[in-house]
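S.K.: Predicted model and sequence follow; I will ask about them next.
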Amino acid sequence: MDALKAAVRAYASEHANRDGLALTPVPGLHVMCVESPRGDLHSIYRPLVCLVLQGAKLMTVGLQQRSVSAGQSVIVGADMPVIWRIVRASRNEPYLAVAVELQMTLLRELIAQMGSAPPMRPSRICTFFTEDTNVILLDCALRLMRLLERPEATPFLHEGIMRELHYWLLSGQHGDSLRALTDPSSHASRLGAAIAILRAKYRSRIPVERLAAASR
């Protein structure tokens with residue numbers, strides 16, 4: 001993990017915005033470095049996996065509130081509003097994290113190849129969960145970070161690394177939940193359609209009826 005933390009901190013020191021977030025030219029890869037605790041921030045998260053490497057943050061989604069600290073990952077399986085704040089960070093040991101956006105198309109392709117699992121009851125489907133970070137995911141994240149140093153390799157290696165990362169997530173303890181979330185008829189998928197409209201038309205007034213129709 002030390003190599004990954006060093007890579008995240010080095011990149012963020014040059015490219016992060018005032019909130020500590022740095023987007024990268026590697027598709028779907030973001031990093032964060034924050035040197036002191038912060039107040040609440042409101043965001044709409046895309047489906048992603050976030051690996052916390054150092055420090056801790058508190059996340060609130062609806063009525064759920066969870067603390068995520070070093071050595072843990074948070075998986076967001078659908079577009080959703082999130083309130084979050086950094087609760088443990090310092091100049092010597094800043095909050096460090098790397099996030100990778102999930103590709104629903106890739107998840108569905110892998111699920112088709114892996115075979116179907118028993119369907120989950122709607123009441124058991126979760127769109128936001130945490131787990132201890134698998135060392136294999138750390139390795140995938142480090143290889144994605146290395147593409148920043150060798151951008152010419154991205155077209156050749158990025159797809160394979162992403163495919164591997166998605167496979168390990170599906171094979172992990174929350175794989176069944178991810179399978180359920182990829183179902184186009186699921187509540188999360190329908191809600192995502194409405195959120196997509198809000199993202200695209202955020203400067204415009206959108207009739208409630210249009211959002212309701214998209215989420216049916």
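M.R.: That came through, no problem.
S.K.: C-terminal to the longest strand along the chain, what's the next element?
M.R.: Of all segments of type strand in the chain, defined using DSSP state E, the longest is strand 80-88. The helix or strand immediately downstream of strand 80-88 is strand 95-101, counting by DSSP states H and E.
S.K.: can I get the CA coordinates of that next one in PDB?
M.R.: Extracted as PDB, the C-alpha positions of strand 95-101 are listed here (Å, rounded to 0.1, in the frame of the first residue of the first chain):
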ATOM      1  CA  TYR A  95      -6.500  11.600   4.200                       C
ATOM      2  CA  LEU A  96      -5.600   9.600   1.000                       C
ATOM      3  CA  ALA A  97      -8.000   7.800  -1.200                       C
ATOM      4  CA  VAL A  98      -8.300   6.500  -4.800                       C
ATOM      5  CA  ALA A  99     -11.600   6.000  -6.500                       C
ATOM      6  CA  VAL A 100     -12.500   4.100  -9.600                       C
ATOM      7  CA  GLU A 101     -15.800   4.600 -11.400                       C
END
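S.K.: quick one: the helices in the protein?
M.R.: For the chain, applying DSSP state H gives helices covering 2-15, 104-114, 135-146, 154-171, 175-181, 187-200, 208-214.
S.K.: most neighbours per residue, which of those helices?
M.R.: helix 175-181 (a mean of 21; mean count of other Cβ atoms under 10 Å). Any C-beta I mention is one placed from the backbone N, CA and C, and that applies to glycine too.
S.K.: Stretch 27-41: end-to-end distance?
M.R.: Distance between the two ends of stretch 27-41: 24 Å, counting by Cα to Cα, to the nearest Å.
S.K.: which residues touch it?
M.R.: 8-9, 11-13, 16, 19-24, 55, 83-91, 94-101, 103, 144-145, 154, 158, 162 (Cβ atoms under 8 Å, 6 or more residues apart in numbering).
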